[in-house]
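Undergrad: Let's see this in three dimensions:
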Amino acid sequence: MDITQSPSVESLMRRTVVDLEKDDKFLAHLPTDSSRLEGQGHYRLAKIFYDKADFEKAEEHFLEALKRTELPQDAYVIFKVYGFLIRIYSESLNEVEANKYIQLSSDLIEKIVGELPSLSGEYFYNAALVNTYKGDFNGAHKNFNQAYRKAQMENDPELMAKSLYALATNSYQLKNFAESLVYLNQLNELLNILKKGYLKGSMHLLWANTLRELGELSQCLTHYDLAMKFLHTKRCWNMHNYVLLNKGIALKKMGEFAKALLLFGIAQNSLDDDYFKRLEELVRSEVDDVNDSSVDLYLDRHNRVIHEKNLGVIDFKHRFVLLEILFLLAQTPGTYYNKEDLAKMIWKDEYNPLIHDKLIYTSISRLRKLIEPKGVKRQYILRGKDGYTFNPRVNARFHKENEVNKQKNIGNIEISSPL
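TA: Take a look at the predicted model:
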C-alpha cells in the first residue's frame, strides 16, 4: 500500500474491523466494548505503518491502542505494543522513551505472574524479551527455550517459529554462531509450512549475518538476497535498508569496495533520518571507512583482509607471520624496526643471528612479493640502516571495527526481531 495515496484513517479502521470479524480466531475474543474495538483498529493500523517504515504514524497509533487496553485481559497485547515502541525508540536513539517502556515491560511481567492460572508459552516468550531488553542473554535463552517447549505442548506453531528465531538471535548475541545456524535450520523447516513472509525475511537476514561472522561470505550473499525477496513480497520496508547495509558490509569484507559503497549509498539516500537515526550513523560510518579513493592499502586486521588499490584483495591464506609483520610496520609508518625488535615482537624470542637473520630476510621478501605491484618501485616496506619501516608517504588505512557489532541497539533489540 502506498501510504501517500492511502485512504483516511477512519476508513482504514472500519476496514480493519471488518477484516478482523472475518477471522474466526479473533471472533472468539472480539470485545464488545467499542473503545477496545477501536484499540484493535489502531493496533492493526500501527503494524501496517510499522511495516511500511512510517514510524511516526506507527508510534501515534500504538499509543492510541495502548489507551484502549485493560488489564489483565490485554496483558499480552500490551507487551506487543511496548515491544514495538521500544524498537521504534531504539532505532531513533530516543533512549529515555525506550528505557521507559523497557521498565514498563519488566513491571508488567512481574505483575501478571501472580494473576495467571498457569504460565503459558506466551508468558515465557515475553519474559525472555524482558531478559533481552536488560542484557541478560543467558536468562533470555532459558525462557525462550521454555517458550518453545510450551508452544509445542500447546500446538502453537507461530509461537514455536518466533521462539526459534529468538533462540537463533540469542545465540548470535552470545557469539554462538554454529548454534544459531542449528536454530535457523529448524526455523526454516517450520516456515516452509507456515508461510510467514516477514519472519522468513528476518530469518534470512539473521542467517546471512551469522554466515558473515563465520567467514562464509559467498553463502551469506545468497541469504541477503532471499531476505530482500521475502520482504518485497510482503511489502515490508522497515528492514530494507538494513539488508542493504549488511550486504554492503559483507561485500566490503570480500574487498568489493565499489559494490559495497553502491549499497551503502542506496541505503543512505532512502532512509528516513528522523526515525532511522541508528541506521544513519551505521551507514555513515561504513561509508567513511571505505570511500577514500586515495587509500593505497586497506588493512582489516579482524578479518585478515588486505586490499591493495592495484592488486585488489591479497590472499594471505595461512601466512600469519607475514600479516603480523605487515600490521606491526603499518601501524607506525616511519618507525624503524631492527632485527632485535622483529625477533622479540614477531617471534617472541631473543635475537639470534644464526636463527633470525635468514628468517627475517625471507619473510620480508615474501611479504613484499605479496603486497608490492609488479614493475613498480618498492613503495610500502622500506629498508634503512636502522632496520625496516612502512613508508609514511603512502596512504594506508586500518579498518574500523564493525560498528554494526560494536554499537548495540537500546534494549538489545533489532528492528527485524518479530513480536
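Undergrad: Wasn't Gly375 part of a helix?
TA: No: read with DSSP: H, G, I helix; E, B strand; the rest coil, Gly375 is coil and lies in no helix.
Undergrad: Now do it, the pLDDT please.
TA: Listed pLDDT for Gly375 reads 70.
Undergrad: and it, what does it touch?
TA: Applying CB atoms under 8 Å, 6 or more residues apart in numbering, we find Gly375 in contact with no residue. For the C-beta atoms, the positions are set from N, CA and C on the backbone; glycine is no exception.
Undergrad: cool, and Ile410?
TA: By CB under 8 Å, 6+ apart, the contact set of Ile410 is Ile86, Tyr89, Ser90, Leu93, Glu95, Ala98, Asn99.
Undergrad: Which positions in the helix or strand encompassing the third one come out as buried?
TA: By that I understand Ser90. Per DSSP states H and E: Ser90 is located in helix 75-91. The neighbour-count check on helix 75-91 (16 or more other CB atoms under 10 Å) flags 75-91 as buried.
Undergrad: Which neighbouring elements make contact with it?
TA: helix 34-51, helix 55-67, helix 95-113, helix 121-133, helix 277-290 (3 or more CB pairs under 8 Å, 6 or more residues apart in numbering; DSSP states H and E).
Undergrad: who's in contact with it?
TA: Contacts of helix 75-91 (CB under 8 Å, 6+ apart): 43, 46-47, 50, 55, 58-59, 62-63, 65-66, 69, 71, 95, 97-98, 101-102, 104-105, 108-109, 112, 122, 126, 129, 133, 275-279, 409-411, 413-415, 417, 419.
Undergrad: Can you tell me which of those are classed as buried?
TA: 43, 46-47, 50, 55, 58-59, 62, 65-66, 69, 97-98, 101-102, 104-105, 108-109, 112, 122, 126, 129, 133, 275-279, 409-411, 413-415, 417, 419.
Undergrad: got a list of what the spatially closest residue to Ala127 that is not a sequence neighbour touches?
TA: Excluding its sequence neighbours, the residue lying closest to Ala127 (CB to CB, 6 or more residues apart in numbering) is Asn143, at 4.7 Å. Going by CB under 8 Å, 6+ apart, Asn143 touches Phe124, Tyr125, Ala127, Ala128, Asn131.
Undergrad: Surely the first one touches Asp156?
TA: No: under the criterion of CB atoms under 8 Å, Phe124 is not in contact with Asp156, lying 11.8 Å apart.
Undergrad: neighbour-wise, which of these two wins?
TA: The residue with more neighbours, out of Phe124 and Asp156, is Phe124; 22 against 18, by other CB atoms under 10 Å.
Undergrad: what ranges of the stretch 301-419 of the chain fall below the confidence cut-off?
TA: 400-408 (pLDDT under 70).
Undergrad: where along it do the strands fall?
TA: 305-308, 312-314, 381-384, 387-390, 396-398 (DSSP state E, counting those that start in this stretch).
Undergrad: Tabulate those strands (CSV), appending mean neighbour count.
TA: Putting these into CSV (neighbours: other CB atoms under 10 Å) gives the following:
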stretch, mean neighbour count
strand 305-308, 21
strand 312-314, 15
strand 381-384, 14
strand 387-390, 20
strand 396-398, 17
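Undergrad: Which one of the ones you listed lies nearest to Thr169?
TA: For Thr169, the closest of the strands of the stretch 301-419 of the chain is strand 305-308, at 26.4 Å, according to CB to CB.
Undergrad: Which residue, other than its chain neighbours, is closest to Glu213?
TA: In space, Glu213 is closest to Phe177, 5.3 Å off (CB to CB, 6+ apart).
Undergrad: and that neighbour, how many neighbours?
TA: Neighbour count of Phe177, defined by other CB under 10 Å: 18.
Undergrad: Check the one 5 residues further on too.
TA: Applying the criterion other CB under 10 Å, we find 14 residues in the vicinity of Val182.
Undergrad: which is the next helix or strand following the host helix or strand of it?
TA: Using DSSP H and E, Val182 maps to helix 177-194. For helix 177-194, the following helix or strand on the C-terminal side (DSSP H and E) is helix 197-213.
Undergrad: Show me what the mean pLDDT comes to for the helix or strand following that next one.
TA: Downstream of helix 197-213, the first helix or strand assigned by DSSP H and E is helix 217-233. Averaging pLDDT along helix 217-233 gives 93.
Undergrad: Counting neighbours, which bits of the helix or strand following helix 217-233 end up buried?
TA: The first helix or strand that comes after helix 217-233 along the chain, using DSSP H and E, is helix 240-253. By neighbour count with 16+ other CB under 10 Å, helix 240-253 contains the buried residues 240-253.
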